[in-house]
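Chemist: sharing a sequence plus its predicted fold:
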Amino acid sequence: MDATHEPGHAEDHASKAPPMVLMATEHYAGYRWVQAPVSALALWLIASPFTLGTESRAIALSDTISGVVALGLSIVALGRRRGLASWLIGLVGLWLLFAPLLFWAPDAAAYANDTLVGALLIAFAFLIPMAMEMRGPEVPPGWSYNPSAWSQRAPIIGLAFVSFLVAYHMAAYQLGHVRSVVEPFFVDGTARVLTSDVSRAFPVSDAGLGAMTYLLEVLMGFMGDRRRWRTMPWMVAVFGIVVVPLGIVSIVLVMMQPMVVGEWCSPCLFTAALMLLMIPLSLDEVVAMIQFVARKRREGHSLWRVFWLGGDLPDDTPRAEPVRPETWRPSGMLWGFTSSWTLWLTAALGVWLMAAPDALGIPRQSAAGDSDHLVGALIVVVAVISLAEVARPARFLLVPLGAWLVVASWLLPGGTALTAANSAAVGLVVALLGLPLGRLRDHYGSFDRWVAWSPREGAHPALSRQ
């Protein structure tokens, strides 16, 4: 039962409470049932070292202690401090996701058990209660769609889950659970990358760390209701940080493998491509959250309080017309992400530039080859991110990247006349393709002026170019 529907004074008090306060206190009363599966999972954790024959004493001790702590917290969560206790259960789940990596789990069963139980603890204790429906408008002011709609989140969740499965397989290889790793194109390239000095420099399995990050992205994708851009700004911010800046860094690092390791890794490139697609799909929700927090700050509200507790908007707040309804059609799951042939062609040129050193015979790890690898990766990242309408101004970064290719192709050693001409030609085309605005479909409130690079709000005729 939603606490906002309790009669009398309780209903008035609940309706005035900040969204996060309501989630963390009042609403948990209707979700006491989640403590039953939490208790069952805790008891399973206590018994699993003896049942699964866990070889690592550290993991066996970790599972036992985690089970006891989760069981005790599930009992406490039945009382008045239910919100805080459930959050602590979520931290136990987070520890379980990390423990097999920290202790280098020697058996696959322990790794799989901790991963599954940790994810379920987070889901039951944290995500399910947080999915409560809040009051107030769903669509941000001036927007033509809701970036927090479930249909908008579904592609991100799906891409993150597939990435998790691939990274989990690579982590199993690093931990010694499987003897070989799938590599369809580069012979033993993946095995060499996963056992390279770069990977061994990490205190934990870097593939396992990636798998954990992807799984957390899946879980965070389910957190909150359709209004989380204003009810959970902190959650949208954390989700944006995990997907965007950390995603960009990991993508560039993966694409630089020929420079650092001297080998390509097909599963690594596949997960990098999926993560790259997640970035433009998630940026719109981050922009909506920032707009909301900035608006509440201008109205005199505490920035700290709004960021952590969320807030509401008047029902008479002006809306863009028409507003797109939530739909599960493929096109409706990609509002804010518009296909542009100039950007797709630019991304293809970036991929070619990454492959050019091998295809045209530039020595690996030469200055000219390294330049093509690195700049090619950056071109792909910028072009794909610019497919998000809210990030369309990022396309201007292609101009200096293209200019660098034109200049560097004749200055850096290690290349030939053919490779220099190739880099210069690609650079010139990329710089020119970065200039057109491309097709726009939607409105983003006060952010319209930046999308279309115009000082006038709502300058682009969105919805009229379909």
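Modeler: Received it, and whenever you're ready, just let me know what you need.

Chemist: ranges for the helices of the stretch 151-300 of the chain?
Modeler: Residue ranges of the helices in the stretch 151-300 of the chain, as given by DSSP state H, counting those that start in this stretch, are 189-194, 197-200, 206-222, 228-231, 233-243, 245-255, 257-260, 266-298.

Chemist: buried deepest among those, which one?
Modeler: Of those, the one with the most neighbours on average (mean count of other Cβ atoms under 10 Å) is helix 228-231, at a mean of 27. Placement of C-beta: from N, CA and C, glycine included.

Chemist: check the offset of that one from the chain's centre.
Modeler: Distance, stretch centre to chain centre, for helix 228-231: 17 Å (Cα atoms, centre = their mean, to the nearest Å).

Chemist: show residues contacting stretch 167-177.
Modeler: Stretch 167-177 is contacted from outside by 100-101, 104-108, 111, 115, 178, 180-182, 190-191, 194-195, 199, 205-208, 210-211, 214, 267-268, 271, using Cβ atoms under 8 Å, 6 or more residues apart in numbering.

Chemist: then that stretch to PDB, C-alphas only?
Modeler: Output of stretch 167-177 as PDB, limited to C-alpha atoms (Å, rounded to 0.1, in the frame of the first residue of the first chain):
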ATOM      1  CA  ALA A 167      32.800  -9.500 -18.900                       C
ATOM      2  CA  TYR A 168      31.800 -12.200 -16.500                       C
ATOM      3  CA  HIS A 169      33.100 -14.800 -18.900                       C
ATOM      4  CA  MET A 170      36.400 -12.900 -19.200                       C
ATOM      5  CA  ALA A 171      36.600 -12.700 -15.400                       C
ATOM      6  CA  ALA A 172      36.100 -16.400 -15.100                       C
ATOM      7  CA  TYR A 173      39.100 -16.900 -17.300                       C
ATOM      8  CA  GLN A 174      41.200 -14.500 -15.200                       C
ATOM      9  CA  LEU A 175      40.200 -16.200 -12.000                       C
ATOM     10  CA  GLY A 176      41.100 -19.600 -13.500                       C
ATOM     11  CA  HIS A 177      37.500 -21.000 -13.600                       C
END
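
Chemist: wait, a helix at residue 435?
Modeler: No - applying DSSP: H, G, I helix; E, B strand; the rest coil, one finds residue 435 to be coil, outside a helix.

Chemist: ok, and the closest non-adjacent residue to it?
Modeler: residue 399 (7.2 Å; Cβ to Cβ, 6 or more residues apart in numbering).

Chemist: separation between residue 360 and residue 372?
Modeler: Distance of residue 360 to residue 372, computed by Cβ to Cβ, to the nearest Å: 9 Å.

Chemist: domain-wise, how is the chain divided?
Modeler: 1-135, 145-310, 341-451 (automatic domain parsing).

Chemist: can you tell me the element the residue nearest to residue 435 falls in?
Modeler: helix 398-411 (DSSP states H and E).

Chemist: return the list of helices and strands in contact with that helix.
Modeler: Applying 3 or more Cβ pairs under 8 Å, 6 or more residues apart in numbering; DSSP states H and E, one finds that helix 398-411 contacts helix 367-385, helix 417-433.

Chemist: how about those in TSV, adding mean pLDDT, distance to residue 338 and mean neighbour count?
Modeler: Listed next are the helices and strands packed on helix 398-411 as TSV, based on pLDDT from 0 to 100; distance: least, Cβ to Cβ, whole Å; neighbours: other Cβ atoms under 10 Å:
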stretch	mean pLDDT	distance to residue 338	mean neighbour count
helix 367-385	90	12	23
helix 417-433	92	16	19
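
Chemist: contacting residues for the residue nearest to residue 435?
Modeler: Per Cβ under 8 Å, 6+ apart, neighbours of residue 399: 431, 434-435.

Chemist: quick one, grab the pLDDT at residue 413.
Modeler: For residue 413, the pLDDT comes out at 83.

Chemist: surely it is in a strand?
Modeler: No - Residue 413: not assigned to a strand; according to three-state DSSP it is coil.

Chemist: hang on, residue 232 packs against residue 220?
Modeler: No - shown here, residue 232 and residue 220 do not form a contact pair, counting by Cβ atoms under 8 Å, at 10.1 Å.

Chemist: got the phi/psi numbers for the closest residue to residue 224 other than its chain neighbours?
Modeler: Nearest non-adjacent residue to residue 224, counting by Cβ to Cβ, 6+ apart: residue 232, 4.6 Å away. Main-chain torsions, residue 232, degrees, to the nearest 10: phi -140, psi 60.

Chemist: what pLDDT does residue 232 get?
Modeler: Reported pLDDT for residue 232: 90.

Chemist: ok, it - how many residues close by?
Modeler: The local packing of residue 232 (other Cβ atoms under 10 Å) involves 26 other residues.

Chemist: tell me the spacing between the residue nearest to residue 435 and residue 383.
Modeler: Taken as Cβ to Cβ, the span from residue 399 to residue 383 is 12 Å.

Chemist: try residue 347
Modeler: To residue 383, residue 347 is 4 Å away according to Cβ to Cβ.

Chemist: over to residue 404?
Modeler: Applying Cβ to Cβ, the value for residue 404 to residue 383 is 15 Å.

Chemist: would you reformat the domains of the chain as a markdown table and include distance to residue 332?
Modeler: Below are these laid out as a markdown table (distance: least, Cβ to Cβ, whole Å):
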| stretch | distance to residue 332 |
| --- | --- |
| domain 1-135 | 21 |
| domain 145-310 | 6 |
| domain 341-451 | 11 |
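
Chemist: residue contacts, the residue nearest to residue 363 when sequence neighbours are not counted?
Modeler: The shortest distance from residue 363 to any non-neighbouring residue, by Cβ to Cβ, 6+ apart, is to residue 414 (5.8 Å). If a contact means Cβ under 8 Å, 6+ apart, then residue 414 has 362-363, 366-369 as its contacts.

Chemist: ramachandran coordinates for residue 414?
Modeler: phi 100, psi -10.

Chemist: could you do residue 244 as well?
Modeler: Dihedral pair for residue 244: phi -90, psi -80, per degrees, to the nearest 10.

Chemist: that one contacts residue 281, doesn't it?
Modeler: No - counting by Cβ under 8 Å, residue 244 does not reach residue 281; the two are 10.7 Å apart.

Chemist: and stretch 434-442, how far from the chain's centre?
Modeler: Centre-to-centre, stretch 434-442 and its host chain are 24 Å apart (Cα atoms, centre = their mean).

Chemist: going by neighbour count, which residues of it are buried?
Modeler: 434, 437-438, 440-442 (16 or more other Cβ atoms under 10 Å).

Chemist: got a markdown table for the residues you listed, with pLDDT and distance to residue 388 too?
Modeler: Shown next, in a markdown table, are the buried residues of stretch 434-442 (pLDDT from 0 to 100; distance: Cβ to Cβ, whole Å):
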| residue | pLDDT | distance to residue 388 |
| --- | --- | --- |
| 434 | 92 | 15 |
| 437 | 87 | 13 |
| 438 | 84 | 11 |
| 440 | 87 | 11 |
| 441 | 87 | 12 |
| 442 | 89 | 11 |
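
Chemist: no further queries at this time; thank you.
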